[in-house]
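Peer 1: I would like to see how this sequence folds:
(2 chains)
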Amino acid sequence: MSPRLSSLLKDAALTAFVAAALGLFIVGFRTVDVGSTKGLAFDYELVDLAVAVVAIFVGRLGLSFASDGQRWPALILGAVLGAVGASPVRLPSTFLHWFVGLAGLLVIGRSLWPAAERAFGQARQSPQGRKLSAVGARWLAWVLLAAAVILPITPLADQKTMDLGVLILTYVMLGWGLNIVVGLAGLLDLGYVAFYAVGAYSYALLSTQLGLGFWAVLPLAGAFAATFGLVLGFPVLRLRGDYLAIVTLGFGEIIRLVLINWVDLTNGPAGIGGIPGPTLLGAVFAENAPPGQKTFAEMMGVPFDGTQRLVFLYYIILGLALITNLFALRMRRLPVGRAWEALREDEIACRALGINPTNTKLTAFAIGAMFAGFAGSFFAAKQRFVSPESFVFIESAIILAIVVLGGMGSQIGVVLAAVLLIGLPEWFRELGTYRMLAFGLAMVLIMIFRPRGLIAHRAPSLRLHEKPGGGGG
Amino acid sequence: MTADLPLIDVEHLTMRFGGLVAIDDVSFKAQPRQITAIIGPNGAGKTTVFNCITGFYKPTIGRLRLHGDREYLLERMLGHEIGQQARVARTFQNIRLFPGMTVLENLMVAQHNKLMRASGMSVFGLLGLKRYRVAEDAAVEKARGWLERIDLVADADRPAGELPYGAQRRLEIARAMCTEPCLLCLDEPAAGLNPRESAELNELLVSIRDRDGIGVLLIEHDMSVVMRISDHVVVLDYGRKIAEGMPDDVRRDPAVIHAYLGTGEEGADA
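Peer 2: The predicted model follows:
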């Protein structure tokens, strides 16, 4: 036992040393401005560093114990870390409390993982477990939908939650739209945000220049974005894989640069403001109606409340997202949807079967673009201001990450991934700059434990036999 | 069509890749309702002939005349048009199923063009009109019929990639047949099959010829398949046609024996 222990200690010490060496320059000291005349000075935070290094040493030791199968030492070390993190002992910063506490949780989780996994695996193999998971898979979507529908009338619905809900649903919709292109048709599109921008600017320009309303522009915005998809797709869709990704990436940037530089039309980097919000049966959501119009509060005879507008926006985007979802699900069961999936699997075989690859890909590309256009015009109506800043590459990357992490082609996976990738960083905004660290960590963990996405299961688009029931084999 | 027209008439087919002449002035005919085998040692250009016929390569020289519901000049058509309009279906030497999709879905994808028309380019399908549902049910029934013939009904809802090798070969043939071809091109369908599976394949190919009345063009190394079921054999070596005729005549042809035995490849044992 003791040579084993010494090697574990050595390993933990090495880890702590690496952490110290890296952390010395990143955490250990920083330059601060000490006034205009004196210039810069160092601000040492070596105590913070020392606490972190000790936590890393203990944590690594705990993880090694856990992977060595020694559950109890690992649990004790984890408990100690967790207790220190949660205790009122004054650590130099709140972040360190979080850091130490989460490290403790990680160690405890790791030491309990094998047992939990075994128990879970057994439960899943048991007849009741099978039945339960079949039922769960069927009802999860409905439960989520019901929760989404009643959210605005629950006490949870304050301004912050509704804002976040609208944001998440926007990304769910974009994810579902991109899922058609990437998940079903297998076309890696890194410039999806370009179509989002086309939709947003369509509404911004048509409403401010021509005075058209949201509901009139919505289909137009979708049509414009789909047209852009066709125009772009026609020359580039004969490219495959990486090449297609690069061209779409370039297209995304071109659209943004055009928006910045075509000042006459788009007002350049300054953006377009004063975009009217969506109306409900002609009623506007504002405290004072513009001449000739009524406010929603007047129409309903209720006092004005700022959240009414948010709730309305929430239901619009919920409806749009559901339409996207239903459309995608329906398409998947049609010949064209099966052809998309077949193209993703093997393009050469598709050609041999007489399927026109270019047309099939174009439909996927254009339909995906259309939904981005819808989402874009909603975005413009929600923000009441658009500028090229909103349509940078990172947006495309996040939408793609939602699709990939969700499990390519899985609709419910997109929802979970959107909540995870958009919701969590917003909820953890208090973590400040560290929240992007948490974001990165979550992505790495998902890719390690669920390399094919959160929901990797593919349901057949049609069956010859009835689906086998919950029980039995 | 009149009886004396061949199903496909390959005239002076030549395919060059840069300086390499893969096929050199090959002409042959394949008759409807017959199995025509193309044999030859490795590298003789058999698959290249297939790739020209099915539109994956554009021939350097030559004319490929197909007499289906009308006359098609295959060398002038784009890849997918050959499957779509001229109705030439093919399988591949290295199986190319859609591995993540189920067996049934593979057969449904094969009926894409017919179903696309029935679904009104997806519009009727999206609206769930009866007209499309009827067409879809018919397509499923057609697929079920083929699954019965290749003995895969029980596996219909499994991903195609999970099937054993022999079943994947049979499924690829069934998928090609679901496109309702007038010419079926099979690239080494017996490769990797055990003797029992080979015998089953023979039965399947004979039934495709006799029951469905489809002309089959076959590349094969397995002489037990070639000699037993072919009506006509074309022998290629180094991109040239060295012999042609009935299986028994070809087997006794000195040039063929030399091509096979003289180079020490592929004993003509059957």
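Peer 1: and the spatially closest residue to A:Gly306 that is not a sequence neighbour, how many neighbours?
Peer 2: In space, A:Gly306 comes closest to A:Gln159 once its chain neighbours are excluded; the distance is 6.9 Å by CB to CB, 6 or more residues apart in numbering or on different chains. All C-beta spots, glycine's among them, are computed from the backbone N, C-alpha and C. Residues near A:Gln159, counting by other CB atoms under 10 Å in any protein chain shown, number 10.
Peer 1: what's B:Arg87 in contact with, if anything?
Peer 2: A:Gly354, B:Gly68, B:Asp69, B:Thr179, B:Glu180, B:Pro181, B:Cys182, B:Leu183 (CB atoms under 8 Å, 6 or more residues apart in numbering or on different chains).
Peer 1: Quick one, which of the residues you listed are buried?
Peer 2: The neighbour count (16 or more other CB atoms under 10 Å in any protein chain shown) marks A:Gly354, B:Gly68, B:Thr179, B:Pro181, B:Cys182, B:Leu183 as buried among the contacts of B:Arg87.
Peer 1: So which of the contacts of B:Arg87 sit within strands?
Peer 2: B:Leu183 (DSSP state E).
Peer 1: Could you take the buried ones among the contacts of B:Arg87 and lay them out as TSV, with extra columns for distance to B:Leu74 and pLDDT?
Peer 2: As requested, the buried ones among the contacts of B:Arg87 are exported to TSV (distance: CB to CB, whole Å; pLDDT from 0 to 100):
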residue	distance to B:Leu74	pLDDT
A:Gly354	13	89
B:Gly68	10	82
B:Thr179	16	90
B:Pro181	13	90
B:Cys182	12	90
B:Leu183	10	91
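Peer 1: who's in contact with stretch A:447-458?
Peer 2: Contacts of stretch A:447-458 with the rest of the structure, by CB under 8 Å, 6+ apart, involve A:404-410, A:412-413, A:416-417, A:420, A:446, B:100, B:159.
Peer 1: and it, average pLDDT?
Peer 2: Throughout stretch A:447-458, pLDDT has a mean value of 73.
Peer 1: how long is it end to end?
Peer 2: Stretch A:447-458 has an end-to-end distance of 18 Å (CA to CA, to the nearest Å).
Peer 1: Could I get the buried residue list for it?
Peer 2: A:Gly453, A:Leu454, A:Ile455, A:Arg458.
Peer 1: three-state assignment of the first one?
Peer 2: Each residue gets one of three states, and A:Gly453 gets coil by DSSP: H, G, I helix; E, B strand; the rest coil.
Peer 1: For chain B, see how far away it is.
Peer 2: 13 Å (CB to the nearest CB, to the nearest Å).
Peer 1: of the buried residues of stretch A:447-458, closest to chain B?
Peer 2: Here the nearest of the buried residues of stretch A:447-458 to chain B, counting by CB to the nearest CB, is A:Arg458; it sits at 6.3 Å.
Peer 1: Would you mind listing where chain B has pLDDT under the threshold?
Peer 2: For chain B, residues meeting the criterion pLDDT under 70 lie at B:1-3, B:125, B:263-270.
Peer 1: Okay, domains of it per the record?
Peer 2: Using automatic domain parsing, the domain parsing of chain B gives B:1-87+B:183-270, B:99-180.
Peer 1: repeat for chain A
Peer 2: As given by automatic domain parsing, the domain ranges for chain A are A:2-113, A:145-449.
Peer 1: can you map out the helices along the stretch 51-200 of chain A?
Peer 2: Taking DSSP state H, counting those that start in this stretch, the helices of the stretch 51-200 of chain A run over residues A:71-86, A:94-125, A:127-150, A:159-178, A:193-210.
Peer 1: Adding mean pLDDT, write those helices out as a markdown table.
Peer 2: Listed next are the helices of the stretch 51-200 of chain A as a markdown table, based on pLDDT from 0 to 100:
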| stretch | mean pLDDT |
| --- | --- |
| helix A:71-86 | 83 |
| helix A:94-125 | 81 |
| helix A:127-150 | 76 |
| helix A:159-178 | 90 |
| helix A:193-210 | 92 |
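Peer 1: residue contacts, A:Ala41?
Peer 2: A:Ala41 is in contact with A:Thr31, A:Val32, A:Val34, counting by CB under 8 Å, 6+ apart.
Peer 1: Now do the same for the first one: its pLDDT.
Peer 2: A:Thr31 carries a pLDDT value of 77.
Peer 1: so which of the helices of the stretch 51-200 of chain A is the most packed in?
Peer 2: Sort the helices of the stretch 51-200 of chain A by mean neighbour count, taking mean count of other CB atoms under 10 Å in any protein chain shown, and helix A:193-210 sits at the top with a mean of 25.
Peer 1: Spell out which residues of the stretch 101-250 of chain B are next to chain A.
Peer 2: On the criterion CB under 8 Å from any CB of the partner chain, chain A has as its neighbours in the stretch 101-250 of chain B the residues B:101-102, B:104-105, B:108-113, B:115-116, B:119, B:121-122, B:125-126, B:136, B:140, B:143-144, B:147, B:153, B:156-157, B:159, B:175-176, B:179.
Peer 1: Alright, I will stop here.
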